[in-house]
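K.L.:
what would the 3D arrangement of this be:
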Amino acid sequence: MLISDVIYEKFTVAPVLQELIQSNPVKRLNGVHQGGAIYLVNPEWNVTRYEHSLGVMLLIKKMGGSVEEQIAGLLHDISHTAFSHVIDYALDNRHENYHEEIFEEILVKSDVPGILEKYGYDYRDIVLDETKWPILEQPAPDLCADRVDYTLRDLFQYGVISDDEVKSFLDSLKVVEGKMCLDSIDAAEWFVETYYKEVIDFFLGPLNIYSNDRFAKIIKRALEVGVLTLDDLLKQDHEVIEQLQASQDEDILKGLGQLNKHVKVEENESDYDLHRTNKVRLIDPLVQVNGSVKRVSKVSDGVKAMNQKAYEKSLRGTYVKVKSV
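P.N.:
Numbering: from 1, shown residues only. Next up, the predicted model:
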């Protein structure tokens with residue numbers, strides 16, 4: 001199978017990956033928006049978990065990762081509920097890891113173990129321990145395929161970064177001693193700046209905060225009154241919306257009415273309607289300098305300043321004033 005992607009262009013993938021791409025858990029992600037409810041207020045913010053999952057798989061392949069690590073990359077998000085991290089806000093889960101808590105249960109109940117067994121793989125050896133796969137996942141502040149792909153994919157799709165910038169960055173990306181590393185300080189500084197456009201300007205942007213906060217309240221209400229169960233959230237976004245719309249619950253319907261493309265909000269710390277902080281996300285890539293590998297913050301005052309500013313903003317959060325709905 002030839003996979004064509006807006007970020008990584010074209011790759012041929014192994015037969016096991018072809019079959020997994022057609023499996024129900026992976027196909028479901030085509031109806032799960034990566035940004036949660038933000039597409040309800042801006043339909044152009046529409047990147048899906050499916051696109052991201054294929055992207056992670058392709059980036060791992062591009063970086064020389066094994067078929068097993070590509071499988072782990074493709075499957076790493078199959079337990080994300082509808083509207084992605086909105087469930088974490090509804091359940092007041094500060095770690096934003098509900099999908100990780102249910103991952104094994106979702107995997108075991110799916111057709112994935114059977115597909116893997118058909119090709120001689122045991123799912124327990126591949127997807128139950130992400131620490132085995134250093135390209136796929138690394139703790140912050142390191143680079144990893146997951147972190148790199150969602151940053152590049154969102155910001156390219158939404159016109160913040162250019163095709164030439166993406167290509168230049170990918171040309172600088174290497175794997176050194178099992179970890180992603182950049183071959184120039186310029187490339188590392190560019191990614192740090194780009195990453196904070198994603199996790200600070202976008203994730204913590206007032207319209208994003210508004211939409212996911214409003215939808216989290218809707219989900220919380222729906223769970224409390226029995227309109228939804230947690231299992232219902234293992235459907236696609238549009239199916240959950242249809243179930244909510246059919247509920248006839250006044251609070252739910254009112255909340256849905258407040259999520260539309262005419263919403264106007266602003267950031268205002270002195271006069272606000274809601275305040276939210278998200279999980280602190282910082283980045284400090286490894287970079288090769290004169291033959292040695294070190295954190296870019298050790299050689300870039302600009303990165304140190306960006307990290308400090310991002311840390312302070314993450315702790316402060318976003319204060320949102322609703323202008324109109």
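K.L.:
now do the helices in the stretch 151-300 of the chain.
P.N.:
163-172, 185-196, 206-225, 237-245, 250-257 (DSSP state H, counting those that start in this stretch).
K.L.:
shouldn't residue 213 be in contact with residue 88?
P.N.:
No. Applying C-beta atoms under 8 Å as the test, residue 213 and residue 88 come out as separate, 11.9 Å apart. The C-beta positions use only the backbone N, C-alpha and C, and glycine is treated the same way.
K.L.:
residue most distant from the centroid, this structure?
P.N.:
residue 290 (33.6 Å; C-alpha atoms, centre = their mean).
K.L.:
tell me which of the helices of the stretch 151-300 of the chain lies nearest to residue 316.
P.N.:
helix 206-225 (12.4 Å; C-beta to C-beta).
K.L.:
and the average pLDDT for the closest one is what?
P.N.:
The average of the pLDDT scores along helix 206-225 is 98.
K.L.:
may I see the buried residues of it?
P.N.:
Judged by neighbour count using 16 or more other C-beta atoms under 10 Å, the buried positions of helix 206-225 are 206-223.
K.L.:
chain neighbours aside, what residue packs nearest to residue 175?
P.N.:
Of all residues not flanking residue 175 in the chain, residue 63 sits nearest, at 5.2 Å (C-beta to C-beta, 6 or more residues apart in numbering).
K.L.:
same thing with residue 203?
P.N.:
That would be residue 278: by C-beta to C-beta, 6+ apart, it lies 5.9 Å from residue 203.
K.L.:
surely the one you found touches residue 314?
P.N.:
Yes. Using C-beta under 8 Å, residue 278 is in contact with residue 314, at 7.0 Å.
K.L.:
which neighbours do these two share?
P.N.:
Taking C-beta atoms under 8 Å, 6 or more residues apart in numbering as the contact rule, residue 278 and residue 314 both touch 199, 204.
K.L.:
that older thread, list the contacts for the residue nearest to residue 175?
P.N.:
135, 145, 173, 175, 180.
K.L.:
would you mind measuring from it to residue 254?
P.N.:
Going from residue 63 to residue 254 by C-beta to C-beta, to the nearest Å gives 48 Å.
K.L.:
element containing residue 3, please.
P.N.:
Assigned by DSSP states H and E, residue 3 falls within strand 2-5.
K.L.:
following that strand in sequence, what is the next regular element?
P.N.:
strand 9-12.
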